[in-house]
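Asks: Sequence first, predicted coordinates after that:
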Amino acid sequence: MDGENGLGIDLAKAGCGPLLSDPPLVQRPLRQRVFEYVRARGQAARSDISHDLGVSPGSATTLTADLIQAGLLREVAQVQRDQGRGRPRVALEIVPEAGHIIGIKLGDAQHTATLSDFAGNMIGDVTLALTRSSRPMEDVLDEVDTLIQSLLSKTGTRMDAVKGIGIGLAGIVDHTTGLVHWSPLLNARDQPFGDAFAARFGQPVYIENDANMLTMAELWFGAGRALKDFAVITIENGVGMGLVLDNQLYRGSFGMGLELGHTKVQIDGALCRCGQRGCLEAYLADYALVREAATALNLSLDAKLSRQSVLKTLFQEASSGNAAARQIFQRAGRFLALGLSNVVHLFDPALIILSGERMTYDFMFAQDVVSDVQALSLSRNQMPCQVEFHSWGDLAWARGAVARALVEVTDQMFNADGAG
């Protein structure tokens, strides 16, 4: 997630977190706003804080002094912008060692975890390969335990230095209670994942639908940092969606919103892994492509043939000119365009980011998809919404889980004593 945004800021080096101001209805303590301002920019002078946050120079000095005393900020020399003579002005930055955060992405084929410092810098990561399908919650917690211990060992970090843990997984997740209503990883519904995690590891966990986690990654580390509204569509072994409205992650009222993969595109259509028929996911996701490939390529889907190998074969056949293989991707692309046009009509975002491992399959995500979205939209080829393709791996999703935990830990830190 690199490059510069419209503000000319190198997103790979200039801190982490949203660069736009919160909407007026979001009230945060002033000390927290100063802290988050510095974290988002990587480094900031007191004069910038005073100007951009609308506080007096004296208040900026007092607030930053409190944060320095608390061990959250520190002073650093900053080179003059014009590279002129004179003493470099003093800037402030986050103290990275103020705390550590773990972010975890639970997946079908593997789990991924990353450790970051309090400034959002990634320290290390580990991956745990899997060969199992849906399973009991306790088994998944065993896997998480193995993952965390491996990460701590690799980075030389003690568990008591970890301030927060974020976990993203596919399914319908209540982010406030940690209750997983449904997930393809679990063999039962309505699982109290958050409570079970806290009881086992001795600290709370911040659980989120994995598409929301990837959206957080774009909001904190990627292309969405300077955007007020944008959507992220994820396509892997499922189809997910995350949405940022007015610089805030939107979740809906009951955790059932933004399940783009389970919107219906054909009544009594293909069987979805959720148990219903006609879902968009049943035409786009990995298992849908594998199902079509088995027929088109006359493959036997036994236990020895992995989903990834089938997809690789399908893509190779399409690249070699196999008409049936190409048609599978093209058909999926048409369904994708249908889903994206619905997102455009419902939310009118400035940007739609398509992300996931399947972004490498250009037969499915060619420019024709964007053209089809335009054709299906009322704008008639004048749609201002931009569509980008990001082929991030699981590590990006795990970094989104870091961002989710950083949000919670920061809120708790500054609201614990009600300080302004």
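Replies: Cool, the structure landed.
Asks: Contacts only, for the nearest residue to residue 117 once chain neighbours are set aside.
Replies: With Cβ to Cβ, 6 or more residues apart in numbering as the criterion, residue 117 has its nearest non-adjacent residue at 3.7 Å, and that residue is residue 96. For the C-beta atoms, the positions are set from N, CA and C on the backbone; glycine is no exception. Shown in contact with residue 96 (Cβ atoms under 8 Å, 6 or more residues apart in numbering): 117-119, 121.
Asks: Residue 173 - that's part of a strand, no?
Replies: Yes. Under DSSP: H, G, I helix; E, B strand; the rest coil, residue 173 sits within a strand.
Asks: can you give me the helices for this protein?
Replies: With DSSP state H, the ranges of helices along the chain come out as 30-41, 46-53, 57-69, 137-155, 193-201, 210-221, 281-284, 286-296, 307-319, 323-347, 367-376, 394-415.
Asks: least reliable of those helices going by mean pLDDT?
Replies: The minimum mean pLDDT among the helices of the chain belongs to helix 367-376 (a mean of 82).
Asks: Now do the closest residue to residue 376 other than its chain neighbours: how many residues are near it, please.
Replies: When the adjacent residues along the chain are set aside, residue 376 lies closest to residue 341, with 3.7 Å between them (Cβ to Cβ, 6+ apart). Residue 341: 19 surrounding residues under other Cβ atoms under 10 Å.
Asks: Same question for residue 241.
Replies: Neighbour tally, residue 241, other Cβ under 10 Å: 24.
Asks: Look up how far residue 245 lies from the closest residue to it other than its chain neighbours.
Replies: Among residues not flanking residue 241 along the chain, residue 260 sits closest, at 3.8 Å (Cβ to Cβ, 6+ apart). To residue 245, residue 260 is 15 Å away according to Cβ to Cβ, to the nearest Å.
Asks: quick one, which of those two is more surrounded?
Replies: In terms of neighbours (other Cβ under 10 Å), residue 260 is the more surrounded of residue 260 and residue 245; the figures are 25 against 14.
Asks: picking up where we left off before, out of the contacts of residue 96, grab the one that's most surrounded.
Replies: Among the contacts of residue 96, residue 118 has the most neighbours (other Cβ under 10 Å), with 23 neighbours.
Asks: pretty sure it contacts residue 95?
Replies: Yes. Counting by Cβ atoms under 8 Å, residue 118 does reach residue 95; the two are 6.8 Å apart.
Asks: so what sits against both of these two?
Replies: Going by Cβ under 8 Å, 6+ apart, residues that sit against residue 118 and also against residue 95 are residue 72.
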